[in-house]
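[1] Kindly generate the corresponding structure for this input.
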Amino acid sequence: MIPKTKLITGLATSLILGLLGETSVIAQDIYIDSNCKQNQQLAEFDRFTVMYKSEFQTNGKIYWLYSGQYIDGSSIVCISRTGFRQAKLLNIQQIQSGYVEKISKSPRNRTTFFVTVRYGNGSDVPTTQYQLNLSTPEKPVITKLRSWKS
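    Numbers count the residues shown, from 1 in each chain. Okay, the predicted model is just below:
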């Protein structure tokens, strides 16, 4: 016969583990290649992990702006239609040549994003914040807002 305290403890543990198993969610990383195309089968040295993705609408079409990070921390910034269709690198040298530290959507304009880029890895490196206007995705406009060393 099982002592009452062990039985109660065992039942409580089973209940907790059962609840955790049903409520926990495991997010799967999204991988893209150097041309911004999604591919979950890429080897570690051939892939960028999507670190930021935001949907926006302009001219009646829905787009995604997203950034992928390589294993060394370097980044690429991409644009596509939903579902990674017509994916391509955003053709703006200033944000493709550094380490994207942060991207955020403007609260005032649904097609404008703020992109912070570090031009080096480590401390005391030049950092610049840009405003990226994607109201015409085929002709993105970038404006330098401020620079500093961090």
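[2] any idea how far Cys36 is from Arg146?
    28 Å (CB to CB, to the nearest Å). Using the backbone N, CA and C atoms, a C-beta is placed for each residue, glycine as well.
[3] Spatially, what comes nearest to Val141 if we skip its sequence neighbours?
    Asn133 (4.3 Å; CB to CB, 6 or more residues apart in numbering).
[4] Mind listing the residues bridging to that neighbour?
    Taking DSSP bridges as the rule, Asn133 bridges to Thr112, Val141.
[5] Show the pLDDT at it.
    Asn133 is assigned 98 on the pLDDT scale.
[6] residue contacts, it?
    Asn109, Thr111, Thr112, Pro140, Val141, Ile142, Thr143 (CB atoms under 8 Å, 6 or more residues apart in numbering).
[7] Tell me which of Cys36 and Arg146 has more neighbours.
    Cys36 (23 against 9; other CB atoms under 10 Å).
[8] Confirm the more buried one sits in a helix?
    No: checked against DSSP: H, G, I helix; E, B strand; the rest coil, Cys36 lies outside a helix; its state is coil.
[9] And the strand ranked longest in the chain, what does it pack against?
    Assignment by DSSP state E gives strand 48-58 as the longest strand of the chain. Here strand 48-58 touches strand 31-32, strand 61-69, strand 75-81, strand 99-105, going by 3 or more CB pairs under 8 Å, 6 or more residues apart in numbering; DSSP states H and E.
[10] Nearest to Ile92, out of those?
    Proximity to Ile92 (CB to CB) singles out strand 75-81 among the helices and strands packed on strand 48-58, at 7.5 Å.
[11] Is the closest residue to Gly98 other than its chain neighbours in a helix, a strand, or coil?
    Using CB to CB, 6+ apart and skipping the chain neighbours, the partner closest in space to Gly98 is Val117 (4.1 Å). What three-state DSSP gives for Val117 is strand.
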